[in-house]
Every structure is written in C-alpha cells, then in structure tokens.
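Asks: model this:
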Amino acid sequence: MPERMVHCVKLNKKLPGLDEVPFDTDLGRKIYDNVSKIAWAQWAEHLKMLINEYRLNPATLQSQELIIQQMDAYFFGDGSAPPPEFVAPGS
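Replies: Model prediction:
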C-alpha cells in the first residue's frame with residue numbers, strides 16, 4: 001500500500017503524512033490532514049525543549065493547554081518560539 005502523501009504546511013512540500021490521527025480533536029485531524037511525518041518529528045523535538053524549559057508536567061491541564069496552544073502556533077500560526085532565556089545547545 002503506498003504511503004499517504006500530504007502537502008505539509010510546515011515544510012511547504014508534498015511529503016509522507018502521519019499514519020494516524022495524533023489525537024481525537026479537530027486540531028488532531030487538521031494535523032493529520034496537513035502535517036508530514038518529518039514535520040511531526042521536528043515538533044516532537046521542539047516539544048521536548050518546551051517541556052524542559054517551561055518545566056511542564058504534561059499530566060496537568062494547564063501544561064496540556066500550553067502544549068496545544070504552542071502546537072497550533074507551530075504548525076498553523078506564526079510558529080512556537082522558545083522561551084526568552086533559552087540557549088540552544090552548543091551556543
């Protein structure tokens with residue numbers, strides 16, 4: 001079976017899409033329809049940084065809301081910027 005292709009909103013090219021909807025919400029469906037596997041992997045790395053820098057606990061509703069807000073901005077908005085005091089490794 002051929003891979004499902006999407007026009008990735010993050011990378012602006014046609015690439016293999018996710019294998020399944022990442023979560024059961026409208027945003028999850030929008031991501032499934034418009035985000036490539038590569039961009040999703042990049043988001044996962046960005047999310048690790050957000051969790052560490054903001055010291056988020058993904059089990060709390062407040063952290064989940066921030067993560068969803070940042071995810072929406074990362075893919076469909078102006079982007080998700082690191083915290084102001086973030087220093088990239090090797091800088």
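Asks: what helix or strand does the residue nearest the centre of the chain sit in?
Replies: Nearest to the centroid of the C-alpha atoms of the chain, with distances taken as Cα atoms, centre = their mean, sits W43, at 3.7 Å. Secondary structure here is read from DSSP states H and E; on that basis W43 sits in helix 37-54.
Asks: how about R29: what's its closest non-neighbour residue?
Replies: Nearest residue to R29, sequence neighbours excluded (Cβ to Cβ, 6 or more residues apart in numbering): V21, at 5.7 Å. In this view, the C-beta of every residue, glycine as well, is placed from N, C-alpha and C.
Asks: just the strands in the protein please.
Replies: 5-8, 13-16 (DSSP state E).
Asks: tell me which of these sits most buried.
Replies: Per-stretch averages of neighbours, counted by mean count of other Cβ atoms under 10 Å, single out strand 5-8 among these, with a mean of 16.
Asks: can I get that one in PDB, CA atoms only?
Replies: C-alpha atoms of strand 5-8 as PDB (Å, rounded to 0.1, in the frame of the first residue of the first chain):
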ATOM      1  CA  MET A   5       1.000  12.000   1.000                       C
ATOM      2  CA  VAL A   6       0.100  15.500   2.300                       C
ATOM      3  CA  HIS A   7       1.200  19.000   1.300                       C
ATOM      4  CA  CYS A   8       3.000  19.800   4.600                       C
END
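Asks: for it, give me every contacting residue.
Replies: Strand 5-8 is contacted from outside by K13, K14, L15, P16, G17, D33, N34, V35, S36, I38, A39, using Cβ atoms under 8 Å, 6 or more residues apart in numbering.
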